[in-house]
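Trainee: Sequence first, then the predicted structure, then my questions.
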Amino acid sequence: MTFSQDILTRAQPIMDTIMVHPFVKGIATGNVPDDILNYYVEQDEHYLKDYLQVTALTVTKTNDTNDIARLLETAQFISNESKAHEIMLNITGHHVENWRRSPDTQRYTDHMYTSAYHGTYADALAVLLPCAWSYGVIGRELVAQGANNDANPLKEWIEIYSPQANDEIDYNAWRFDALERAVANLNDSQKEQVIQTFLKSLEMEWRFWEAAWNQTQWRFDF
Ligand SMILES: Cc1ncc(CN)c(N)n1
């Protein structure tokens with residue numbers, strides 16, 4: 001079994017749970033309450049800014065020029081993500097107000113910075129990977145279910161994240177390939193650390209949906 005296969009096998013129970021999360025099921029039917037969409041977009045604005053900065057940090061951890069170029073290309077996807085936010089905001093009529101970063105957003109972004117800053121190049125790749133990979137799975141599976149139908153106001157959102165037949169590069173395949181190369185010279189305990197980093201990010205993905213669904217806030221105003 002390759003390293004990637006091992007990760008994906010261990011990730012499956014978390015991914016299966018994300019797929020049946022009420023928020024994700026709501027995207028499939030186009031029925032998500034406005035306050036949940038607004039909370040999600042407000043928190044995702046924080047998350048995506050940090051995602052870009054952690055990507056920049058990851059770039060500094062490799063000397064492979066092809067990987068550097070690819071990492072910079074993945075940062076370009078951010079313009080599609082702004083569109084994904086607009087689709088949700090067009091439904092609710094909300095404008096981004098820079099709400100306070102929630103405890104779950106803070107925990108996820110702290111995990112990203114810590115892993116990328118203190119860890120190996122493989123840790124940095126692993127902490128970023130569940131973001132793109134899990135949304136790729138959501139997009140692909142919702143399209144397979146026919147959820148991107150004209151009656152669904154979130155049709156375009158689903159299509160942004162669904163892999164397209166005419167995509168020139170499969171970035172998630174590249175991400176796993178880069179990870180495979182990055183762990184090649186690590187020992188078993190370092191490899192396990194990389195897997196833990198990945199799985200923690202994936203659980204944080206589940207928590208991100210959950211936090212929006214439950215509108216989680218800090219207990220105190222300070
Ligand atoms: C929290 C989160 N995770 C993943 C994605 C998809 N890039 C996102 N926009 N936000």
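Mentor: Everything's here; your move.

Trainee: going forward, measure contacts between C-alpha atoms and count neighbours the same way
Mentor: OK.

Trainee: Identify the residues contacting the residue positioned nearest the centre of the chain.
Mentor: Geometric centre of the chain, nearest residue: Cys131, 1.7 Å, by CA atoms, centre = their mean. Applying CA atoms under 8 Å, 6 or more residues apart in numbering to Cys131 gives the contacts Ser201, Leu202, Glu205.

Trainee: Out of the residues you listed, which is nearest to the ligand?
Mentor: The ligand has its nearest neighbour among these in Glu205, at 5.7 Å by CA to the nearest ligand atom.

Trainee: Which strand or helix spans the closest one?
Mentor: Secondary structure assigned from DSSP states H and E places Glu205 in helix 188-214.

Trainee: try Tyr40
Mentor: helix 34-59.

Trainee: Give me the average confidence score over that helix.
Mentor: Taken as a whole, helix 34-59 has a mean pLDDT of 98.

Trainee: Check which helices and strands whichever helix or strand comes after that helix sits against.
Mentor: Heading C-terminal from helix 34-59, the first helix or strand you meet, by DSSP H and E, is helix 65-76. In terms of contacts (3 or more CA pairs under 8 Å, 6 or more residues apart in numbering; DSSP states H and E), helix 65-76 is packed against helix 34-59.

Trainee: buried sites along the helix it packs on?
Mentor: Judged by neighbour count using 16 or more other CA atoms under 10 Å, the buried positions of helix 34-59 are 36-48, 50-52, 54-59.

Trainee: Give me the contact list for stretch 60-71.
Mentor: Thr55, Val59, Thr120, Tyr121, Ala178.

Trainee: is it possible to export those to CSV including distance to Trp213?
Mentor: Conversion of those to CSV gives the following (distance: CA to CA, whole Å):
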residue, distance to Trp213
Thr55, 27
Val59, 33
Thr120, 34
Tyr121, 33
Ala178, 34
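
Trainee: Going by neighbour count, list what's buried in stretch 76-84.
Mentor: So, applying 16+ other CA under 10 Å, buried residues of stretch 76-84: Glu81, Ala84.

Trainee: what distance separates it from the centre of its chain?
Mentor: Chain-centre distance of stretch 76-84: 13 Å, with CA atoms, centre = their mean, to the nearest Å.

Trainee: Next: stretch 7-14.
Mentor: Relative to its chain's centre, stretch 7-14 lies at 15 Å (CA atoms, centre = their mean).
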